[in-house]
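Asker: A structural model of the following input is requested.
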Amino acid sequence: MKEKKLNIAHIDYLLFAILLILLVISVLFIYSGTKNIPSLKTRYLMQIIYASVGILGGIFVLLIDIKKIQDISEFLYLFGILMLIATLLIGTRVRGSKSWIKFGFFSIQPSEFMKLFYILFVAKIITLYQNDEKYRSSVKFFIIVGLVTALPAILILLQPDFGSTFILVLIFLTIAFLANLNIELLILTVIMGVFVFSLPLLRVYLKLIDTTVFIKNLVFSNKYFLIISALMTIVGVIILLISTQVESKTVMRISFILIGIGISIVLSILADKILADYQKKRLLVFINPELDKLGSGYNIIQSKIAIGAGGLFGKGLFRGTQSQFGFLPERSTDFIFSIIGEEGGFILSFLILIIYGTIFVKILTLIRITSSFYNKMVLAGIFGYFFNQSILNIGMTIGLMPITGVPLPFLSSGGSSLLTSIFAYMLVLNISMKRYSSV
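Answerer: From the prediction side, this is the model:
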């Protein structure tokens with residue numbers, strides 16, 4: 001059959017309308033949250049500019065043949081890696097993180113664009129073996145994809161930007177699950193993630209409470225943890241060698257767990273060195289904000305007050321007390337949903353959740369019906385990006401998730417985040433239009 005060109009008339013109008021609605025809501029509530037702050041009064045105008053640039057650039061993404069993007073995905077990934085390295089070398093430090101590169105009167109955050117570049121490249125790697133499910137589920141292939149993930153993740157963590165690192169790992173887990181990569185190693189990765197951040201959180205917790213000198217000396221000494229790590233890794237390697245002789249999968253699984261925990265302990269010590277105390281406190285206080293209610297717990301407490309004060313119908317646009325009188329920090333970025341909850345109430349908040357839910361269902365439906373394996377993997381990554389970042393941000397504002405500093409897609413102010421979200425969204429629209437072609 002002759003190949004058909006994409007026709008703009010075949011665009012999913014509901015998805016496109018949702019994008020425009022979210023952008024309008026974003027501008028309104030950014031204006032509401034910043035209009036009384038002289039230094040931020042033009043932030044809503046910048047959001048309009050970024051949204052306009054995103055839509056115009058997104059039209060190109062909407063109409064381009066995704067096969068062309070697939071062909072250059074490794075170059076986009078490499079470009080992203082170079083930008084992350086440049087950020088560490090010449091980046092601008094803001095609120096403790098060296099995450100921005102300044103160009104004259106504007107700055108970019110490479111870690112945001114890296115999320116999309118990573119998705120496009122990993123999707124290509126997995127697609128190379130779309131007909132070899134046995135190799136896709138092998139340990140070797142899992143490690144290859146894991147290393148491709150680890151490189152940008154480590155560079156972002158060094159800034160340090162825990163939120164973006166966490167989102168990148170969650171995108172990897174989402175793609176790995178939907179691509180049927182090794183499920184046992186997938187579970188081990190999650191376990192390792194828990195171990196990696198357990199030590200930093202335990203140490204910062206002990207700083208906030210009274211405990212015995214013996215326990216503090218034990219927990220704050222890296223020597224003991226390194227000895228345990230070395231022993232577990234060595235024993236794990238020995239058991240792994242034995243498993244190759246006896247050909248026992250159970251013994252091999254035990255070896256992987258021991259090696260994984262051993263490596264995790266070392267990574268945990270490194271994470272404790274890299275992450276600032278305020279970032280570790282942010283992760284901890286979501287369990288009990290009262291541990292540091294005037295410090296790291298303040299944001300969560302004020303956010304919950306704002307959302308609770310909104311009631312069913314809200315206080316009305318520009319009438320929120322928490323947002324208008326400066327009690328709610330970072331209200332145009334991390335806590336934009338808190339303003340929506342206070343001024344738009346439960347009704348508008350629930351409508352936002354329905355809108356996001358519609359996006360998620362649409363993407364999952366496209367994953368099921370699209371015939372292109374590469375497109376499936378790209379959609380899986382974008383789903384992981386939008387879903388996990390939305391859940392983390394909204395959960396953060398109501399105290400169900402730790403404060404990680406991740407923006408709410410399409411709503412939070414920030415040029416790099418908004419452009420990345422729009423370009424990823426346009427890729428979804430591009431793929432949805434493929435339903436009407438023979439490709």
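Asker: so where is the chain shaky, pLDDT-wise?
Answerer: 1-9, 208-210, 283, 286-288, 290-292, 294, 435-439 (pLDDT under 70).
Asker: can you point me to the longest strand in it?
Answerer: strand 97-103 (DSSP state E).
Asker: Toward the C-terminus, what is the element adjacent to that one?
Answerer: strand 106-108 (DSSP states H and E).
Asker: Show me which positions of the longest strand of the chain end up buried.
Answerer: By 16 or more other CB atoms under 10 Å, the buried positions in strand 97-103 come out as 97-101. (Glycine included, C-beta is placed from N, CA and C.)
Asker: Direction included, what does that strand pair up with?
Answerer: strand 92-94 (antiparallel), strand 106-108 (antiparallel) (DSSP bridges).
Asker: which secondary structure elements does the helix of greatest length in the chain contact?
Answerer: Using DSSP state H, we find that the single longest helix of the chain is helix 336-369. Applying 3 or more CB pairs under 8 Å, 6 or more residues apart in numbering; DSSP states H and E, one finds that helix 336-369 contacts helix 13-34, helix 298-309, helix 321-324, helix 373-397, helix 415-433.
Asker: on that earlier part again, quick one, which of the strands paired with strand 97-103 is packed in tightest?
Answerer: Comparing the strands paired with strand 97-103 by mean neighbour count (mean count of other CB atoms under 10 Å), strand 106-108 ranks first with a mean of 15.
Asker: Now the element after that one, going C-ward?
Answerer: Strand 106-108 is succeeded, C-terminally, by helix 110-127 (DSSP H and E).
Asker: Need the CA coordinates for that following helix. PDB is fine.
Answerer: C-alpha atoms of helix 110-127 as PDB (Å, rounded to 0.1, in the frame of the first residue of the first chain):
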ATOM      1  CA  PRO A 110      19.400  20.800  30.400                       C
ATOM      2  CA  SER A 111      18.100  18.100  32.800                       C
ATOM      3  CA  GLU A 112      14.500  18.800  31.600                       C
ATOM      4  CA  PHE A 113      15.400  18.400  27.900                       C
ATOM      5  CA  MET A 114      17.400  15.300  28.800                       C
ATOM      6  CA  LYS A 115      14.300  13.500  29.900                       C
ATOM      7  CA  LEU A 116      12.900  13.600  26.400                       C
ATOM      8  CA  PHE A 117      16.300  12.900  24.700                       C
ATOM      9  CA  TYR A 118      16.700   9.900  27.000                       C
ATOM     10  CA  ILE A 119      13.300   8.500  26.100                       C
ATOM     11  CA  LEU A 120      13.900   8.800  22.400                       C
ATOM     12  CA  PHE A 121      17.300   7.100  22.600                       C
ATOM     13  CA  VAL A 122      16.300   4.200  25.000                       C
ATOM     14  CA  ALA A 123      13.300   3.600  22.800                       C
ATOM     15  CA  LYS A 124      15.600   3.100  19.800                       C
ATOM     16  CA  ILE A 125      17.900   0.700  21.700                       C
ATOM     17  CA  ILE A 126      15.000  -1.500  22.800                       C
ATOM     18  CA  THR A 127      13.500  -1.400  19.300                       C
END
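Asker: from the chain's centre, how far out does it sit?
Answerer: Helix 110-127 has its C-alpha centroid displaced from the chain centroid by 13 Å (CA atoms, centre = their mean, to the nearest Å).
Asker: Give me the buried positions along that helix.
Answerer: Under 16+ other CB under 10 Å, the buried positions of helix 110-127 are 110-127.
Asker: among the strands paired with strand 97-103, which is nearest Gly146?
Answerer: strand 106-108 (27.4 Å; CB to CB).
Asker: residue closest to the middle of this structure?
Answerer: Residue closest to the average C-alpha location in the chain (CA atoms, centre = their mean): Ile167, at 2.2 Å.
Asker: is it true that it touches Lys115?
Answerer: Yes - between Ile167 and Lys115 there is a contact under CB atoms under 8 Å: 6.5 Å.
Asker: TSV for the helices and strands packed on helix 336-369, including mean neighbour count and distance to Leu157?
Answerer: Below are those laid out as TSV (neighbours: other CB atoms under 10 Å; distance: least, CB to CB, whole Å):
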stretch	mean neighbour count	distance to Leu157
helix 13-34	19	28
helix 298-309	20	22
helix 321-324	23	32
helix 373-397	23	16
helix 415-433	23	18
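Asker: Quick check: Thr420 vs Leu120, distance?
Answerer: To Leu120, Thr420 is 12 Å away according to CB to CB, to the nearest Å.
Asker: show me what contacts Thr321?
Answerer: 309, 315, 327, 342 (CB atoms under 8 Å, 6 or more residues apart in numbering).
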